[in-house]
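> Sharing a sequence plus its predicted fold:
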Amino acid sequence: MRRGFTMIELIFVIVILGILAAVAIPKLAATRDDAKASTELANLATCINDVGNAYTATGTEDNNTAACRSLKCYTVSTTANGQTSTGDGNISVDYNTGAESTYAYCTNVKNAVIAKDLNGTHVFGGTQIVY
């Protein structure tokens, strides 16, 4: 008598593995999108803080930090209402409307930004630090 698995046992194992994969793969994809959205939101908040710190220290806005350059769903510019705002402490945070076609998680980022009230124009106060 030969030892081994019958065909029906192998089919059951394959079916069970398929069911587990069908449940696990969407969960992994959703987790990856949540992580990317969280990273984008953290980068946006860091960018806004960096621009505010640069304005307080030098009197001019600087949106060329690593956090600002890594944004994919949003842009941070030193213009407000179409005016160049060098030196007045204003920056604009705008949603990239075409970003969701490239990055599926941008819709989640947009909802979080609206909830945290990070979009629109930010005005920084303070005076220039003199050394």
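Noted; the coordinates are in hand. Numbers count the residues shown, from 1 in each chain.

> Can you spell out which helices and strands pack onto the helix or strand harbouring A45?
Under the criterion DSSP states H and E, the helix or strand holding A45 is helix 7-58. Helices and strands touching helix 7-58, as assessed by 3 or more CB pairs under 8 Å, 6 or more residues apart in numbering; DSSP states H and E, comprise helix 66-69, strand 74-77, strand 90-95, helix 106-116, strand 120-123. Yep, even glycine has a C-beta here, placed from its N, CA and C like the rest.

> Which of these sits closest to Y55?
Between Y55 and the helices and strands packed on helix 7-58, the tightest spacing by CB to CB is seen for strand 90-95, at 8.4 Å.

> Assumed L118 was part of a helix.
No: residue assignment for L118, taken from DSSP: H, G, I helix; E, B strand; the rest coil, gives coil, which places it outside any helix.

> looking at the protein, which helix or strand is least sure?
Ranked by mean pLDDT, DSSP states H and E, the helix or strand of the chain with the weakest confidence is strand 83-84, at a mean of 53.

> how close does T121 sit to N90?
6 Å (CB to CB, to the nearest Å).
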